[in-house]
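Q: could you look at this predicted model? Sequence included:
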Amino acid sequence: LNPAGRFYFIVIRSLVFVLGFMGNGFITAVNSINWIKSKRISAADMILIFLSTSRFILQVTVMMYIHSLYFTDVFKLASVYKTFGAIWMFVNHASLWFSTWLYVLYCVKIINVTQWLLLQIKLRITAMIPWLLLGSLLISSVTSFPLLWITPNTYLCRSTGNCGNNSTAHISGWDSSHLYLLLLYFTGCFFPLVLSMITSGLLINSLWKHTKKMQCYVDSFRDPLIDVHLIAIKSIISFLILYISSFVAQILLTLSTSQSKDFVKVAVSLVVTGAYPSIHSIILIIVNSKLKLAFLFLNLPNIS
């Protein structure tokens, strides 16, 4: 990219970061304050706290990575760069699991089930959520911390601080460590991705059928509940689009082996990757009545 292109990339990515920083920070603050005040918390709010906090940390790590593209001394040592990569992968995998459990919870609560096993899950899902969240942290550590013992050539290149200027440092090939890196990332993302697609599909199907039934019985006026269901369907579809786009973008980031050669791909992938936690946090605020009310109250003008 030319200097102008790099400037626009930094501006766009900074705006996405600020949006995610404020959105996820707001979600964490509102739910934490309500938890402290009421001394109790719902399963959905607990997931939102874990989700928004992990995304907050994720945004910080992505911004640090972008900073390192221009200031190579930030990750001068290969060991520091590996630690940073492991932390990024950990919070990324954890946030994917947390968002998945949020939609699993919605799916179990909304969809009518008759099978005994699904009914038992429906009755016990609230008590299971804390354990699912802790299990997600454990699984995320298993699929990310082995990165500390993997040293791809790109790490060694980055640790010299001369990747951007020294053409002999560019890595055009792959070694076995790149395959391990890709395997770790894909393993950590694949299962929550599949689970999210299944539960989101079930949710969309259930909400759509219920909406069509209500429309058959409501002729004289528009039932507000229909609008609520339509908004929910749109939010789930938006979540899936952002989720899959982020997954593909991060795969492209993992496949990138040459900093200067792949800068355009890296730049676009970073913007798409950052857009998912940022935009989805805004969607969560819009569709969550408590968060939306808190946001509107926060922005009400002072009445003297």
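A: Arrived safely, thanks for sending.

Q: just confirm residue 16 contacts residue 275, I think it does.
A: Yes - between residue 16 and residue 275 there is a contact under Cβ atoms under 8 Å: 5.5 Å. All C-beta spots, glycine's among them, are computed from the backbone N, C-alpha and C.

Q: the two: which has the busier surroundings?
A: residue 16 (23 against 19; other Cβ atoms under 10 Å).

Q: separation between the more buried one and residue 279?
A: To residue 279, residue 16 is 8 Å away according to Cβ to Cβ, to the nearest Å.

Q: go on, residue 244?
A: Computed with Cβ to Cβ, the distance linking residue 244 and residue 279 is 13 Å.

Q: these two - which one has more neighbours?
A: Between residue 244 and residue 279, counted using other Cβ under 10 Å, residue 279 has the larger neighbour count: 18 against 14.

Q: what residues are up against the more buried one?
A: Residues in contact with residue 279, defined by Cβ atoms under 8 Å, 6 or more residues apart in numbering, are 19, 238, 242.

Q: same check, this time on residue 101
A: Counting by Cβ under 8 Å, 6+ apart, residue 101 touches 47, 129, 132, 133, 136.

Q: so what does the helix or strand where residue 191 lies touch, helix or strand wise?
A: Secondary structure here is read from DSSP states H and E; on that basis residue 191 sits in helix 176-217. In this structure, helix 176-217 packs against helix 78-110, helix 153-160, helix 224-255, with contacts taken as 3 or more Cβ pairs under 8 Å, 6 or more residues apart in numbering; DSSP states H and E.

Q: pick the most deeply packed of those.
A: When you average the neighbours per residue for each of the helices and strands packed on helix 176-217 (mean count of other Cβ atoms under 10 Å), helix 78-110 leads with a mean of 22.

Q: that one vs helix 176-217, what angle?
A: Direction vectors for helix 78-110 and helix 176-217, defined by axes from the mean of the first three to the mean of the last three Cα atoms, to 10 degrees, enclose an angle of 20 degrees.

Q: quick one: mean pLDDT for the helix holding residue 191?
A: Predicted confidence along helix 176-217 averages 78 (mean pLDDT).

Q: quick one, it and helix 224-255 angle?
A: 170 degrees.

Q: centre of the chain to helix 176-217, how far?
A: 13 Å (Cα atoms, centre = their mean, to the nearest Å).

Q: please apply the same query to stretch 292-300.
A: Once both centres are worked out by Cα atoms, centre = their mean, stretch 292-300 turns out to sit 24 Å from its chain's centre.

Q: for this protein, which helix or strand comes out least confident on mean pLDDT?
A: Taking mean pLDDT, DSSP states H and E as the measure, helix 153-160 is the helix or strand of the chain with the lowest mean score, a mean of 48.

Q: now the stretch 201-304 of the chain, which segments are flagged as low pLDDT?
A: Low-confidence segments of the stretch 201-304 of the chain, defined by pLDDT under 70, are located at 214-229, 254-263, 299-304.

Q: how does it look with 50?
A: Applying pLDDT under 50 to the predicted model, the residue ranges of the stretch 201-304 of the chain that meet it are 220-221, 257-260, 302-304.

Q: same deal with the stretch 1-150 of the chain?
A: In the stretch 1-150 of the chain (pLDDT under 50), no residue qualifies.

Q: ok, which stretches of it are helices?
A: Using DSSP state H, counting those that start in this stretch, the helices of the stretch 1-150 of the chain run over 3-38, 43-70, 78-110, 116-142.
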